[in-house]
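Student: give me a 3D structure for the following:
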Amino acid sequence: LVFATLPGLLVALDAATGTERWRVQVEGTLAAPPVWNNGWLLVGTAAGRLTMLRAEQGRPLWSRDLGAPLRPGAAMTGDRLYVMLEDDRVVALALSSGEPVWERKLPAPGTALTALDDRVFVGADDRFFYCLSTEDGDVKWRWRAGGAILGTPIVDGNAVYFLALDNTLRALNYGNGHQRWKRGLSFRPVGGPVLAGSLLLVPGLAPEVPAFHAATGAPAGKIVVGDELIAPPLLLPAEAPGAEPKAAGFSIVVVTGEFVQRLGPAPPVLESHPIPGVPAFLTLPDLRSPPAPSGSRALPSPRERGA
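Tutor: Numbers count the residues shown, from 1 in each chain. This is a model prediction of the structure:
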């Protein structure tokens, strides 16, 4: 499904045909894009009201007023929903009922969240990157950067990666927050890093997308896109949905000032803009069913929960 927002409406379209599947009325303006995960669909209004829907039918499951608008980048894992609000609160709620579990006030506005079983990662405009306990919201550790934190953090194995407005990509130890490495950038990043197998792609105000080795931070080449990006790149599987996988690879979709480009194994093939020193068809797990990060559980669908 593809979800589109119209004044007072949320519409679900069939991704293959564009046929409308359902529509529901929304009271007020949405504060952030809808968030989907394994059949759960979250919408939040500027008035501070959250509503959880069953994505296949658009049927409301619960609704709750949190008193402040939702910021982009809510996270769902296990039996929890984690949201960042405009009044700088991180709130944990029961996924199936919307019942609040705990909340933590940050000193400044926060970024999108990344949640695992035992911890939640979030950056803030106070230049700190926070690791919170999923049990009670206590701060397990924090790391000070040289600028406000950007985008969604990425967790892979025992490391967490994030970008900040000091134009630096950092890798921290997942458990204790100690810095593993950092890499200065020659451009302004526009969002969080994107993990592609063993590489980190870094979107920014530049006509190219540089890649770095996640283990060391060493440069791994770049993808030339011809103009500055206006949104983070999107990774897609190499094959069309439903097709038998031929090779574990990906296509990258980038949006610049005038164009949407798809580069990679699917046409147009990444021929004129190869990544130096890296195969044009990068090897990585099947992106249609990406493995959960270490320390996280699969999110049960509403059907599995009987919702």
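Student: from here on, contacts and neighbour counts on C-alpha atoms
Tutor: Will do.
Student: what sits up against stretch 180-196?
Tutor: 150-154, 161-165, 167-173, 200-206, 216-218, 230-233, 235, 284 (CA atoms under 8 Å, 6 or more residues apart in numbering).
Student: those residues in strands, which ones?
Tutor: Residues of the contacts of stretch 180-196 located in strands (DSSP state E): 150-154, 161-164, 168-173, 200-201, 235.
Student: let me see the domain layout of this protein.
Tutor: Following automatic domain parsing, the chain resolves into domains at 2-186, 187-292.
Student: save these as CSV, and put in mean pLDDT and mean neighbour count too.
Tutor: Formatted as CSV, the domains of the chain follow (pLDDT from 0 to 100; neighbours: other CA atoms under 10 Å):
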stretch, mean pLDDT, mean neighbour count
domain 2-186, 94, 19
domain 187-292, 67, 17
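Student: contacting residues for the nearest residue to residue 19 once chain neighbours are set aside?
Tutor: In space, and not counting its chain neighbours, residue 19 is closest to residue 13: 5.4 Å by CA to CA, 6 or more residues apart in numbering. Going by CA under 8 Å, 6+ apart, residue 13 touches 1-4, 19-22.
Student: switch the cut-off to 10 Å
Tutor: 1-4, 19-23 (CA atoms under 10 Å, 6 or more residues apart in numbering).
Student: ok, now residue 134?
Tutor: By CA under 10 Å, 6+ apart, the neighbours of residue 134 are 80, 82, 92, 101-102, 115-121, 140.
Student: how about 6 Å then?
Tutor: With contact taken as CA atoms under 6 Å, 6 or more residues apart in numbering, residue 134 is in contact with 118-119.
Student: for residue 171, see how far away it is.
Tutor: Distance, residue 134 to residue 171, by CA to CA, to the nearest Å: 21 Å.
Student: repeat that for residue 61.
Tutor: 38 Å.
Student: same check on residue 41?
Tutor: From residue 41 to residue 171 the distance is 31 Å (CA to CA).
Student: next: residue 63.
Tutor: Between residue 63 and residue 171 the computed distance is 37 Å (CA to CA).
Student: and what of residue 199?
Tutor: In terms of CA to CA, residue 199 sits 12 Å off from residue 171.
Student: equivalent analysis for residue 187, please.
Tutor: From residue 187 across to residue 171, the span is 18 Å (CA to CA).
Student: so who does the nearest residue to residue 164 once chain neighbours are set aside touch?
Tutor: Leaving aside its sequence neighbours, residue 164 sits nearest to residue 149 (CA to CA, 6+ apart; 4.2 Å). Applying CA under 6 Å, 6+ apart, we find residue 149 in contact with 123-124, 164.
Student: closest one to residue 256 out of these, please.
Tutor: Distance ranking of the contacts of residue 149 against residue 256, using CA to CA, places residue 164 first at 21.3 Å.
Student: you'd agree that closest one is up against residue 150?
Tutor: Yes: at 5.3 Å, residue 164 counts as touching residue 150 under the criterion of CA atoms under 6 Å.
Student: which other helices and strands contact the host helix or strand of residue 123?
Tutor: Taking DSSP states H and E as the definition, one finds residue 123 inside strand 119-123. Under the contact definition 3 or more CA pairs under 6 Å, 6 or more residues apart in numbering; DSSP states H and E, strand 119-123 sits against strand 128-133.
Student: go ahead and name everything in contact with the strand it packs on.
Tutor: By CA under 6 Å, 6+ apart, strand 128-133 touches 119-123, 138-145.
Student: can I get these in CSV with distance to residue 55?
Tutor: Shown next, in CSV, are these (distance: CA to CA, whole Å):
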residue, distance to residue 55
119, 26
120, 25
121, 26
122, 26
123, 29
138, 32
139, 33
140, 34
141, 35
142, 35
143, 37
144, 38
145, 38
